[in-house]
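Asks: sequence? don't have it. structure:
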């Protein structure tokens, strides 16, 4: 099972929360929707109703939940999710971050976003798949890592354009014992340096996964994956590591 969480700081502008109801039509939220995409809802720890989309085969080997960037909605990742689902034989869940798209409830506590990722991952439980890969993009990278640090079913972690080191208890990153994969635009030093720092803080995990710096670009978050095949290759490899 694979969980991706992402929070890009550049790219498509996010629709504010309440653009559609959590169970509203994906077409109403996104316009063009890939075949097979379907609406999913889940509930936060505070009872908030949150919207998501699912893509890929319910009988797939792996599961992916992808949380978009802070300046995006799940719509920005739909096409990427279709390709990733096909190449990694994965079912992918894309939750809308609180306050945008189909998730109107605002964040009230620092733990809300990691909690939401964990609760989104629980949607896959009836599938009976082994393990969860947690991944994050831009400001969603620390959210994904914070969730993975608490998860009982994590099998891999993948981070795209990580914006910061997560606020987790001292020593948590050093104790991560699953592969950690990062892919970052080398042309933006702050994202490149964050990826290097994460690899330093979790050396065993980074050694088991991989670190990719895409040269000559400042493409960020979903743009990095859309425009550079090697970035998508990282997500595919990280997902396949889960079984």
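Replies: Nice, thanks for sending it over. Predicted, not measured: the structure shown is a model, and the values here were computed from it.
Asks: show me the residues around residue 216 that make contact.
Replies: The contact partners of residue 216, by CB atoms under 8 Å, 6 or more residues apart in numbering, come to 186-187. In short, each C-beta sits where N, CA and C put it, glycine included.
Asks: quick one: low-confidence ranges for the protein?
Replies: Within the chain, the segments meeting pLDDT under 70 span 1-18.
Asks: Which stretches in it count as helices?
Replies: For the chain, applying DSSP state H gives helices covering 26-30, 78-88, 112-121, 140-150, 189-201, 203-208, 222-227, 229-240.
Asks: So for residue 181, which of those sits nearest?
Replies: Closest to residue 181 of the helices of the chain is helix 229-240 (CB to CB; 4.2 Å).
Asks: For the closest one, name the packing helices and strands.
Replies: Packing partners of helix 229-240 (3 or more CB pairs under 8 Å, 6 or more residues apart in numbering; DSSP states H and E): strand 2-5, strand 62-67, helix 78-88, strand 132-137, strand 154-160, strand 180-185, strand 210-214, helix 222-227.
Asks: of the ones you listed, which approaches residue 33 most closely?
Replies: It is, among the helices and strands packed on helix 229-240 and with distance given as CB to CB, helix 78-88, at 6.7 Å.
Asks: could you say what helices and strands that closest one packs with?
Replies: strand 49-55, strand 62-67, strand 90-95, helix 222-227, helix 229-240.
Asks: Give me the distance between it and the centre of its chain.
Replies: A distance of 13 Å separates the centroid of the chain from that of helix 78-88, by CA atoms, centre = their mean, to the nearest Å.
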